[in-house]
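>>> Fold the stuff below for me.
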Amino acid sequence: MGNNTAVDGKQRSIFALSSLNFFLADVQGGVGPFLVIFLTSLLHWEPGRIGFVMGISGVVGVLAQIPAGAVIDQLRPKRLIVATAAGLIALGSIGIALFPTFGVVVAGQSFIGVAGAVFGPAIAAITLGIVGRKKLERQIGRNQSINSTGNVANALMIGAVGATLHGKGIFYYVAAISLATIASVMLIRGKDIDYALARGADDLVGDCEEQEEAKQPRFSGILTLLRDRRVLVFAVSCILFHFANGGLGPLISELLAKGVGMKSGLRFVSASIIVAQLAIIPLGILIGRRAEGGARKPLFLIPFCLLPLRAILYTFSHQPYFLVALELLDGSAMGIFGIMQLLIIADLTKGTGRFNLTQGALSTAVGIGASSSNFVAGWVVKHFGFNMGFLTMAGIAAAALVFFWLLMPETQGNSENEKDKRLSKAVGQPA
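This next block holds a predicted model:
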């Protein structure tokens, strides 16, 4: 009876985790593009001022990634960290609605940037701590699918709220969903989370219950991770991928607005977001199951192959419906990338206690790469046209594919080999 009760309790925590991922899709970006419309149409801010405050969340988010990962590794109350981040977004949204001054908007965007840096690694840590490594693949895939479902629902709800309520209604909507996010994370039972496992501090030998010392958190130094060639190759691969991908989105949005006008362009941009998210919903479940106990590298190669193909296809036609349809490839690539990236990081950091810090460091590097991509793509388009911009991004994507394919080893297999060696050492046998 006791075991059944424990299982039922953990199932409730997993359900609450799913609810958290659904609502998180609504709050992690804050008020997003609607803030631009609000500041332009209702407050009549000039473009330079708007550009500055919109850039604040991105800059703060990049700067906060590594500290956020380190804090999540070090502190035990991970549910409280997520709840606090959601509370910051609620506070920022209500503040902007009630007192839309320059200082308050900047503060609100800063809150959104910090919260965005926290959510990813914290949710990954809680997921790993609840389900363990054996069920991590399926749960990460499920998280991705539920989050994309939430993104679709959020896009539809924001449109409905924006069309039916006063201009400030969207801010109160985001604040309300932030409260739902807080309720969801606090419904996860703290005793269902293995906090050592949640930060990757589990020891490879510690699968045996009699190894009590393995239950103690063990942190590896940062230099230890940096000396791991696999970590460096993986980081460079991800930076190259996002450097190629980051510049494509703005180019597509610019083409859509240029071809059909602002109002229709906004509808097409919204449609492209929904199409991409709809592609991720079934893929999350499928890839999560396919990755279970299997090799990582073949699955992670899929988005590296889809990205240059997508960039080249953009040169075939600039018709809005064609561009929107290609977002199926974008959604597929990013869905698989998001799932497999977390699984590979979990492999690389097993036993180090640096699971979340590594996520933060990689996100920082990727964020810088993606931002730089916008400048490169914009410069190429300005001087040589859109098609050359797409082909340039395709070339970088192809380089990322070759780099990852040739230099990155299989992390799942390597983890198992290392485990065998350490188990043999523990029982006094030769590896």
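
>>> only C-alpha atoms for contact and neighbour calcs from this point on.
Will do.

>>> Quick check, pLDDT for Leu251.
Each residue has a pLDDT score; the one for Leu251 is 80.

>>> now do Ala196
pLDDT, Ala196: 83.

>>> Neighbours of it, how many?
Look at Ala196: counted by other C-alpha atoms under 10 Å, it has 23 neighbours.

>>> That one reaches Arg354, doesn't it?
No. Counting by C-alpha atoms under 8 Å, Ala196 stays clear of Arg354, with 10.5 Å between them.

>>> Who are the contact partners of Leu329?
Leu329 makes contact with Ala276, Ala279, Leu306, Leu307, Arg310 under the criterion C-alpha atoms under 8 Å, 6 or more residues apart in numbering.

>>> what's the helix or strand for it?
Taking DSSP states H and E as the criterion, Leu329 maps to helix 327-348.

>>> Packing partners of the helix or strand following that helix?
Per DSSP H and E, the first helix or strand lying C-terminal to helix 327-348 is helix 355-384. Secondary-structure packing of helix 355-384 (3 or more C-alpha pairs under 8 Å, 6 or more residues apart in numbering; DSSP states H and E): helix 47-74, helix 102-131, helix 229-246, helix 248-260, helix 327-348, helix 386-407.

>>> winner for burial among these?
Neighbour counts (mean count of other C-alpha atoms under 10 Å) averaged over each of the helices and strands packed on helix 355-384 peak at helix 102-131, with a mean of 24.

>>> rewinding a little: which of the contacts of Leu329 has the weakest pLDDT?
Ala276 (80).

>>> List the contacts of the closest residue to that residue other than its chain neighbours.
Here the nearest residue to Ala276 in space, its sequence neighbours aside, is Gly331; by C-alpha to C-alpha, 6 or more residues apart in numbering that works out to 3.9 Å. By C-alpha under 8 Å, 6+ apart, the residues touching Gly331 are Val275, Ala276, Gln277, Leu278, Ala279, Ile280.

>>> tell me the centre residue of the protein?
Closest to where the C-alpha atoms of the chain average out (C-alpha atoms, centre = their mean) is Gly120, at 5.5 Å.

>>> now it: how far from Ala90?
18 Å (C-alpha to C-alpha, to the nearest Å).

>>> Then Gln109?
Using C-alpha to C-alpha, Gln109 is found at 11 Å from Ala90.

>>> what's the answer for Ile50, then?
21 Å.

>>> Can you tell me the SS state at Ala90?
Of the three states, Ala90 takes helix under DSSP: H, G, I helix; E, B strand; the rest coil.

>>> Which pLDDT value goes with Ala16?
92.

>>> list the contacts for it?
Neighbour list for Ala16: Ser184, Val185, Leu187, Ile188 [criterion: C-alpha under 8 Å, 6+ apart].

>>> Compare these and tell me which has the most neighbours.
Busiest of the contacts of Ala16 [other C-alpha under 10 Å] is Val185, holding 27 neighbours.

>>> Just to check, that one is in contact with Asn21?
No. With contact defined as C-alpha under 8 Å, Val185 does not count as touching Asn21 (9.3 Å).

>>> Leu255 and Gly249: what is the separation?
In this view, Leu255 and Gly249 are 10 Å apart by C-alpha to C-alpha.
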